[in-house]
Every structure is written in C-alpha cells, then in structure tokens.
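*Asks:* turn this into a model:
(2 chains)
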Amino acid sequence: MFENTKDTIRTIRTAGKLGWAMESNWTDPFLFAIYSVVRPIASSLILVVMYYVITRGKTSLDLFAFIYVGNAFFMYVVNVLFGISWVIHDDREHYQMIRYIYIAPMKMYYYLFGRGIAKMVLTTLAVIITIAFGMLALKIPINLMTINYPLLIFSVLVGIFIITCLGILLAGISMVTAHHSYALTEGIAGLFYLACGAIYPIDILPVWLQYISKLLPLTYWLELVRRAILGKSISTTLGGYSDFQLILIMLGTTLVLAMFSNYIYRSIEHIARKHGKIDQLTNY
Amino acid sequence: MKTDLKTNFKAIIARAYVRIIAANREPSWWFSETLLPILSTAAYVYVYKALKAPPEYTGFVILGGTMSAYWIQVLWSMAAQFYWEKEMGNLDLYMIAPISRMSILLGMALGGIIQTTSRAAFIFLTGSLIFNVSFAVVSFPKLIAVFFLTLISLYGLGMLFSSLFMLYGREAWHGVTLLQEPVHLISGFFFPVRNLGFVVGVVASFIPLTLGLDAMRQLAFKAGAASGFINVNLELSVLAVLCVIFLVTSKYALELMEKLGKKEGRLTLRWQ
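*Replies:* Take a look at the predicted model:
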C-alpha cells in the first residue's frame, strides 16, 4: 500500500516536472512571463470591450464583475483540459514516446494528472494576474478583506478535480482520434463556456439548455467561486440555493462525472490497445 | 519550363488534396470542426443578450465567429504547419522534391480554404438561423469582393508566417497560441473595431481580418455603416494591397529562411 502511494507520488512529481519543462523552457523567463500574461489579459479584454461598447463604460453594474470573475476562472477549464488531453497527441505523434511511457512501471492515469500540473500552476498565476488587473485597471469591486477564502480555496480545489476528470475523459477520446483533436478540446471547452454560465447568468439561456447547465458540476463551481469573491449571486436560478446546498450538488455531480470519466477512459484505452491505435501517427 | 509548371501545379493539388480528403475521412473532425466551434460563438451572443445589446450585435458576433474559423485555421494549419512537417519528417521531403516550396504553401492554403469553408459556412448558417440574424446587404458584388480579398490576403499572411516559423521549435507553437486571443481582441472579432480607437484600428489593419470584418459588417447589416471604421472602398483597396504584399513577401521570406535553415542546419532539427 505504502509502496503504491510512493510510486504514485513519484509518477505525478516526475510528470509534473516534465510538463513544466515543456511549458516553460522554450524561451527565456522574461519572454515566458510576458507570454503568460498577454493571453489571459487579452481574453478578458474582449469581454470588457464588449461590455463597454454596450453600456458605455458603466462598470459599477454587478454584471460586469460577474462576467469578469467568471471568465478569469474559466481559464482553468480551457488550459487544464487542454494540458491533460493534449498529452496523448504530444507523446504519441510529436515525441513518439507513448509506447515507452506505457512500458514504464507507472500508471498512465497518474502520469496524465502530473502532466496537467504545470498548466494548473500557470493558470493559477494567470487568474491572479487577471483578477489583479481587473481590480487595479478596471475597478472591479473586489474587496480582498471580505473574500470568503475557505470557500474559494475549497471550490478551486474541487474545480481542478472536475476539470482533471474531464481532461482524462478527453485524453481517452484522443487515443482513438487523429491529431486534430485540439479542436475537440477547444470545442468541449466551448460547450462549457456556453452552458455553465461562465460569462452570463444561466437564466438567460433557453430552458432546455438550463437543464443541461444544471447537470454540469462546473456550473455550481463557477457560482461558488463568484459567491466567495463577490459575496453575492445575480443568478435567479441558482440564487435560491444556499452555499451549502450548492457544495452538496457540486460534490454529487462531481462524483458522477469522476466515475463516468474513469469508465470512458479505461474503455477507450482498452479499445485503442486492442486495435493498435496507442502509437498511431496521423498528419494532415 | 512547361514541365516545371505542370509539376508545381500537381504539387499544389496534391498538398491541397491531403487536407480536403483527410478531413472527410475523419468523422470526429466534422464534429469537432463544425458543431463544436459554434458553441463558443453562441456564448458571445448570450453575453450581448445579457447586456440587452441591439440585435445587430448578434449578427456581428456570428460573422466574427465565422471568420474566426479561418483565422484559427491560418494559425494552426498554415503558420505552424512547417513546424509540424519538420517534426514529422515531411519538410525534408519537400526540400528534396523537384518543386517550388511555394507550391506546397499554395496547396496548403488552397486545401485550407476549402476545408475551412465548410466549417465556416456551418457556423454562419446555423448561427444565423438559431439566433434569427437579419441581414440588409448593401452591395453583393462588394461583399463578395471583400470576402475573397480578405481570404487571399489572410492566407498570404499565413504563408508568410509559415515561412518565418519554419526554423522554430516550440516557439512556433507558443507564438501561434499568442496570436489567438490578442488578435481576436484587436481585430474586433466580436465588436466593431472602431471602438478600440483609430490608432489601434490602423495597427490592427495589418491583419486582413480587421478590415475584412469591418467592411463585411458595413455591407451586410443595417446598422453596420454607422459602426464602421473607415470607408468600405478604402478597405477594399487596402485589402488588395495586403494581398500583393503578403504573397510576394512570403516568397522572399521562404527563400531567406530556407537558406538560413540550411546554413545553420535547423531545417531537419526535431524535438526542440
């Protein structure tokens, strides 16, 4: 038991180091820092400009902070999802190392998780920078003294777990698809962007889409993060739930997702190994 | 000379063929390239709905999302393509083959345009139908001219990027990533570029989609002209100039980078 835990930690640590090196050592630290900041800020500014164009700069409205915070934390979904699922293609087609990773005495599952850690660290920095930029440059009304830190930390940790489960599910699908599946990851992230109320309250979605939204743990995660930071909810649909109720629903839906993700990953991995697709090369 | 032209023409068709046919052989590609991209575009539509924006903004977003399909394709399948080809070992074969490297780039562009048009058309039609976008086209000939000039100059820019990124390793990958959201922002994919101010608009005009999108919005929507950046005729002229500049520059950039790559031994360097 102890040996297993030790092996698991070693796998995650080594994969994490490898992921970090691949993410960061392609350039000097200064350029890397600029690169890490520009993209998230630009992504937030798109929404900021859209908001300014329509409201003529009324940033005091609750909706502005709602959109900004939701978009900042949604970066976890895009980056970590991509960070984990892309590993399959990167190792299979680019570095052509996947068969050696499979032979190595470690579990692929933990290796994938470890590779995602670099993205988690980078995204955490990006979220902090984006929020700080919002507070300083855009006057987003966030009071650092009134943030519910226990709820925020708990929600972020559960959120990362949710996204990891989704990443592993997509990694499974990537085993049987061609190298273009970065579009699949972006598309799935787009689905959550649309349905989870990342940048608007889910109340404005059509009713059928609201049902889908309520099945997704990320919806509750984003609502909890916003409540922890802004101290209130502007969603009439989710506003009726207390924090505790939201936590319970989030944990329940997360459990279902984790089991589903595990089942899909193992099933597709088996199919990929059976049909010799584990180390296939595709290039268009 | 005749044989050269024929061989190069065959190379263009062959490179384009891989893209067009391969896309159809992968069912998951259709799913991820047509159905899924419309979801993030729809999210931007709902932002405007939450803000109670005038209805033409829905059309602006749908058009932006449609043209975004081309930008993403130019970045990942043009700009970063030689990086991929180098990593896969195909770049060496292109160098050995008795063809102009420009044929490969043209084939990639042609295949890319055809491949992406199906995705873009799906986003445009589905988005317009679902969100009930109403168009008021001022001039069809001008609209078609803007669309094609935008595509030609955009893919010309893609060919230029492809040449410049040929020698790079992961820098190419990250460079392309960096050109995604920031360009969505400064080119006004989801709002009229005029709102960013004249100076930013002029700088962003080096990316053909900035003027292309602005001109298309002015020509296709009732309130488009009121939110336009500059006169459509001027935008058409600038796009035509950009076509020539990017296509010619990409040829010289390719020659230069190939020479440099051979000199420094970086053309076949993999896994950097």
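*Asks:* hey, let's count contacts and neighbours off CA atoms from now on
*Replies:* OK.
*Asks:* tell me the residues of chain B that contact chain A?
*Replies:* In this structure, chain B approaches chain A at residues B:18-19, B:22, B:26, B:28-29, B:31-33, B:36-37, B:39-40, B:42-43, B:46-51, B:53, B:87-88, B:170-171, B:178, B:181-182, B:184-185, B:190-191, B:195, B:271-272, judged by CA under 8 Å from any CA of the partner chain.
*Asks:* the helices in the stretch 1-150 of chain B, which residues?
*Replies:* Secondary structure of the stretch 1-150 of chain B, counting by DSSP state H, counting those that start in this stretch: helices at B:2-25, B:27-30, B:37-50, B:56-74, B:81-88, B:90-96, B:101-130, B:140-165.
*Asks:* show me which of the residues of chain B next to chain A are buried.
*Replies:* Buried subset of the residues of chain B next to chain A (neighbour count, 16 or more other CA atoms under 10 Å in any protein chain shown): B:18-19, B:22, B:28-29, B:32-33, B:36-37, B:39-40, B:42-43, B:46-51, B:53, B:87-88, B:170-171, B:178, B:181-182, B:184-185, B:190-191, B:195.
*Asks:* residues contacting residue 232?
*Replies:* Unless you meant another one, I'm taking chain A. Counting by CA atoms under 8 Å, 6 or more residues apart in numbering or on different chains, A:K232 makes contact with A:R226.
*Asks:* try chain B instead
*Replies:* Neighbour list for B:V232: B:215, B:218 [criterion: CA under 8 Å, 6+ apart].
*Asks:* relative to B:W71, how far out is it?
*Replies:* Here the distance between B:V232 and B:W71 works out to 21 Å (CA to CA, to the nearest Å).
*Asks:* repeat for B:S187
*Replies:* Here the distance between B:S187 and B:W71 works out to 11 Å (CA to CA).
*Asks:* who's sitting farthest from the centroid in chain A?
*Replies:* A:R56 (31.6 Å; CA atoms, centre = their mean).
*Asks:* tell me the pLDDT at that one?
*Replies:* Note on A:R56: pLDDT of 84.
*Asks:* same question, B:A11
*Replies:* Reading off the per-residue confidence, B:A11 sits at a pLDDT of 91.
*Asks:* shaky segments in chain B?
*Replies:* Scanning chain B with the threshold set as pLDDT under 70 gives B:1-3, B:23, B:271-272.
*Asks:* in the top helix by length along it, what counts as buried?
*Replies:* Taking DSSP state H as the assignment, the helix of chain B that covers the most residues is helix B:232-264. Of the residues in helix B:232-264, B:232, B:235-236, B:238-240, B:242-243, B:246-247, B:249-251, B:253-254, B:257-258, B:261 count as buried by neighbour count, 16+ other CA under 10 Å.
*Asks:* quick one, it and helix B:101-130 angle?
*Replies:* Between the axes of helix B:232-264 and helix B:101-130, defined by axes from the mean of the first three to the mean of the last three CA atoms, to 10 degrees, the angle is 140 degrees.
*Asks:* neighbours of the nearest residue to B:A16 once chain neighbours are set aside, how many?
*Replies:* Counting by CA to CA, 6 or more residues apart in numbering or on different chains, B:G111 is the residue found nearest to B:A16 once chain neighbours are left out, at 3.9 Å. By the measure other CA atoms under 10 Å in any protein chain shown, the count of residues near B:G111 is 22.
*Asks:* do I have it right that B:G111 meets B:I21?
*Replies:* No: counting by CA atoms under 8 Å, no contact exists between B:G111 and B:I21, whose distance comes to 9.2 Å.
*Asks:* so what sits against both of the two?
*Replies:* Residues touching both B:G111 and B:I21 do not exist when contact is defined as CA under 8 Å, 6+ apart.
*Asks:* for stretch A:101-110, measure first residue to last.
*Replies:* With CA to CA as the measure, stretch A:101-110 spans 12 Å from end to end.
*Asks:* can you pull the residues of the stretch 1-150 of chain A lying near chain B?
*Replies:* Proximity of the stretch 1-150 of chain A to chain B (CA under 8 Å from any CA) is limited to residues A:26-27, A:35, A:38-39, A:42-43, A:45-46, A:49-51, A:53-55, A:94-95.
*Asks:* could I get the CA-only coordinates of the helix or strand encompassing A:R10 as CSV?
*Replies:* A:R10 belongs to helix A:2-24 when elements are defined using DSSP states H and E. Extracted C-alpha coordinates of helix A:2-24, given in CSV (Å, rounded to 0.1, in the frame of the first residue of the first chain):
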residue,chain,number,x,y,z
PHE,A,2,2.8,2.4,1.1
GLU,A,3,4.9,1.4,-1.9
ASN,A,4,1.9,2.1,-4.2
THR,A,5,1.4,5.6,-2.8
LYS,A,6,5.1,6.3,-3.1
ASP,A,7,5.1,5.2,-6.7
THR,A,8,2.0,7.3,-7.5
ILE,A,9,3.6,10.4,-5.9
ARG,A,10,6.8,9.8,-7.8
THR,A,11,4.9,9.4,-11.1
ILE,A,12,2.9,12.7,-10.5
ARG,A,13,6.1,14.5,-9.5
THR,A,14,8.1,13.4,-12.5
ALA,A,15,5.3,14.0,-14.9
GLY,A,16,4.8,17.4,-13.3
LYS,A,17,8.5,18.3,-13.8
LEU,A,18,8.4,17.2,-17.4
GLY,A,19,5.2,19.2,-18.1
TRP,A,20,6.7,22.3,-16.5
ALA,A,21,9.9,22.0,-18.6
MET,A,22,7.9,21.5,-21.8
GLU,A,23,5.7,24.5,-21.0
SER,A,24,8.4,26.9,-19.9
